[in-house]
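Undergrad: with the sequence up front, the predicted model follows.
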Amino acid sequence: MKIYLATGNMNKKREMSEILKEHTIVTPKDERIDFNPEETGSTFYENSLIKAKALWNLTHCPVLADDSGICVDALNGIPGIYSSRYAGPGKEKGVKGAEKTPQDEQNRMLIEQLNNALKNGIDMKKGKEEGLFPNGERSARYVCAMVLYMEPENLYVAQETFEGTLVERIEDARGNGGFGYDPLFVVAGTNKTAAELTAEEKNAISHRGKAARVIQLIAKNFLKN
């Protein structure tokens, strides 16, 4: 099945093509479709749905959209849905009209912001009682909300997480795989960052990989009906 992927991020296209091998994954850029919807949602799901609807209205073909990001517990979930726009303390939602901050700079600022928050003190006891910090004071997770939009009255949603912690110093960032904040993110239960995993290892346990497999099963069932 040909599925339009609502993104301009070629790293996402690569990952989704590796996961959904039985389908043909096409981005708007591949077919010179002008696609840049404003993501005005307050949750990963809302932004994912905005992108899915917008691309379906242009193609009238099955669309797969995801919105994902990294959430740091000690920072109350920052940067979350603003992960790609994050521009440091006080500018967590980015700077309107400005170019995206280079990823290396985003990585450095996020570690500094977390370290400053921990230095200034957070209530770990209260947080644990509320179910926060499952992996300690540097606890973080990736979140992915994925929508398979077949038509306006027929859509499916999966949301998954990828648990871990952030490195203590930017000098501890490591790995050449993945993208985004992966060099900072130490996968729970391992001593590897997400950027040190092979594509197969990451896709097997990542937020996007888990959500995509749920969508994959849904797509198979849809095609049978």
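TA: Arrived safely, thanks for sending. Residues are numbered from 1 along each chain as shown.

Undergrad: so what's the most centrally placed residue in the chain bridging to?
TA: The structure's the chain has its C-alpha centroid closest to S68; by C-alpha atoms, centre = their mean the separation is 2.4 Å. Using DSSP bridges, the beta-bridge partners of S68 come out as C144.

Undergrad: isn't it up against V147?
TA: No - if you go by C-beta atoms under 8 Å, S68 and V147 don't touch, sitting 12.0 Å apart. C-beta here means a position set from N, CA and C on the backbone, and glycine is covered the same way.

Undergrad: tell me the secondary structure for K100?
TA: With DSSP: H, G, I helix; E, B strand; the rest coil as the basis, the three-state label of K100 is coil.

Undergrad: run through who's touching the helix or strand hosting K51.
TA: Remark: K51 resides in helix 44-59, with elements defined by DSSP states H and E. By C-beta atoms under 8 Å, 6 or more residues apart in numbering, the surrounding residues in contact with helix 44-59 are 4, 6-7, 28, 33, 35, 37-41, 63-69, 80-81, 143-149, 151-152, 155, 157, 159.

Undergrad: would you mind writing the PyMOL command to select the buried ones in those?
TA: Provided next is the PyMOL selection string for whichever of the contacts of helix 44-59 are buried by 16 or more other C-beta atoms under 10 Å:
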select buried, resi 4+6+7+28+35+37+39+41+63+64+65+66+67+68+69+80+81+143+144+145+146+147+148+149+155+157+159
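
Undergrad: filter the contacts of helix 44-59 down to just the ones in strands.
TA: Where the contacts of helix 44-59 overlap with strands, as defined by DSSP state E, the overlap consists of 4, 63-69, 143-149, 151, 155, 157, 159.

Undergrad: D67 contacts S83, correct?
TA: No - under the criterion of C-beta under 8 Å, D67 makes no contact with S83, lying 9.4 Å away.

Undergrad: show me whatever sits in contact with both of the two.
TA: Where contact means C-beta under 8 Å, 6+ apart, no residue is in contact with each of D67 and S83.

Undergrad: any idea where the helices of this protein begin and end?
TA: Along the chain, the stretches classed as helices by DSSP state H are 10-19, 44-59, 103-120, 124-129, 199-205, 207-224.

Undergrad: okay, now the unreliable bits of this structure?
TA: Within the chain, the ranges that satisfy pLDDT under 70 run 123-131, 222-225.

Undergrad: swap in 90 and give it another go.
TA: Under the criterion pLDDT under 90, the flagged ranges of the chain are 1, 8-12, 14-16, 18-23, 96-99, 120-137, 153, 178, 216-225.

Undergrad: list the contacts for E18?
TA: Taking C-beta under 8 Å, 6+ apart as the definition of contact, the neighbours of E18 are A199, N203.

Undergrad: could you find the closest non-adjacent residue to K29?
TA: Using C-beta to C-beta, 6 or more residues apart in numbering and skipping the chain neighbours, the partner closest in space to K29 is G8 (5.7 Å).

Undergrad: quick one: closest of the helices of the chain to G189.
TA: Set against G189 and scored by C-beta to C-beta, the helices of the chain come closest in helix 199-205, at 9.6 Å.

Undergrad: centre of the chain to the closest one, how far?
TA: Centroid displacement of helix 199-205 relative to its chain, using C-alpha atoms, centre = their mean, to the nearest Å, is 14 Å.
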